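S.K.: Provided below for reference: sequence and predicted model.
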Amino acid sequence: MNILTSIFTDDLAIDLGTVNTLIFAPERGVVLDEPSAVAIHKYTGEVLDVGAEAFKMLGREPKDVEIFRPVRGGNIENFDAVEKMLKAFITRVSGSSHRRSHVVIGVPGSSTTLEQRSVRDAARDAKATRVDLVDEGLCAALGAGLSYDDARAHLVVDIGGGTTNGAIIACGAVVVRDATRRARRRRVEEGVGSRHGGR
């Protein structure tokens, strides 16, 4: 990447979750961690709020406002709402709607070609100029500090709010993967907390 390209392009990694959306930027770390929610005016289509502020309105929104939780089971349920939410999030962390973004998004191992295309299209419609999709199992392995060139097989389990992904990783690739559209994250956190004195 040349100097001019790096000035006008942001590299972003996005975890588009059922419960929360996280965005990571190199050298800055996690720059966004907010509920996957968007408030949209019913009649104009205007985005009123996204993330935490939209989530606060859930159940108390005015009659002319709809609150969407557009991701379910790790996959897009409302394409238009996801596109608007992603655009708002990317603009927020980039500081400008005119900056270009190279986006890497984790997808469940169970996702179909059609579901992957929906994620890619939503990111592109949100003004990402380049979109790469990566298996969530591999993302979890790298995030846990596993070496990309480690030839040993590692079992990685990613328990999310909407899906649970399992993968065997070796040599920087997913050897075997499986996923279920069930999540037990809250139960696991409660169990670990009660056993080890955590919150």
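M.R.: Perfect, thanks for sending it.
S.K.: so after the worst-scoring helix or strand of the chain on mean pLDDT, what's the next helix or strand?
M.R.: The weakest-scoring helix or strand in the chain, judged by mean pLDDT, DSSP states H and E, is helix 3-8 (a mean of 40). Following helix 3-8 in sequence order, the next helix or strand is strand 9-16 (DSSP states H and E).
S.K.: For that next one, what is the distance to the chain centroid?
M.R.: Centre-to-centre, strand 9-16 and its host chain are 9 Å apart (CA atoms, centre = their mean, to the nearest Å).
S.K.: contacts for the helix or strand following it?
M.R.: Downstream of strand 9-16, the next assigned helix or strand under DSSP H and E is strand 20-25. Applying CB atoms under 8 Å, 6 or more residues apart in numbering, the contact partners of strand 20-25 are 10-15, 30-36, 51, 85-86, 89-90, 93, 161. For glycine as for every other residue, the C-beta is placed from the backbone atoms N, C-alpha and C.
S.K.: who are the neighbours of the longest helix seen in the chain, in terms of helices and strands?
M.R.: Looking across the chain with DSSP state H, the single longest helix is helix 79-94. If contacts are counted by 3 or more CB pairs under 8 Å, 6 or more residues apart in numbering; DSSP states H and E, helix 79-94 sits against strand 9-16, strand 20-25, strand 29-35, strand 38-41, strand 47-50, strand 100-107, helix 113-125.
S.K.: if you set the cut-off to 7 Å instead, what comes out?
M.R.: With contacts taken as 3 or more CB pairs under 7 Å, 6 or more residues apart in numbering; DSSP states H and E, helix 79-94 sits against strand 9-16, strand 20-25, strand 29-35, strand 38-41, strand 47-50, helix 113-125.
S.K.: Kindly export stretch 10-26 (C-alpha atoms) in CSV.
M.R.: Provided in CSV are the C-alpha atoms of stretch 10-26 (Å, rounded to 0.1, in the frame of the first residue of the first chain):
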residue,chain,number,x,y,z
ASP,A,10,-8.9,2.7,6.8
ASP,A,11,-8.2,-0.9,7.5
LEU,A,12,-11.0,-2.2,9.7
ALA,A,13,-11.9,-5.6,11.1
ILE,A,14,-15.6,-6.1,11.9
ASP,A,15,-17.3,-8.6,14.2
LEU,A,16,-20.9,-8.3,13.0
GLY,A,17,-22.6,-10.1,15.9
THR,A,18,-26.1,-10.9,16.8
VAL,A,19,-25.8,-9.0,20.1
ASN,A,20,-22.9,-6.6,19.6
THR,A,21,-20.8,-5.2,16.7
LEU,A,22,-17.1,-4.7,17.3
ILE,A,23,-14.7,-2.8,15.1
PHE,A,24,-10.9,-3.1,15.4
ALA,A,25,-8.4,-0.8,13.7
PRO,A,26,-4.6,-1.6,13.6
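S.K.: buried set for that stretch?
M.R.: The neighbour-count check on stretch 10-26 (16 or more other CB atoms under 10 Å) flags 10, 12-25 as buried.
S.K.: Out of the helices and strands packed on helix 79-94, flag the one nearest residue 60.
M.R.: Closest approach to residue 60 among those (CB to CB): strand 38-41, 10.9 Å.
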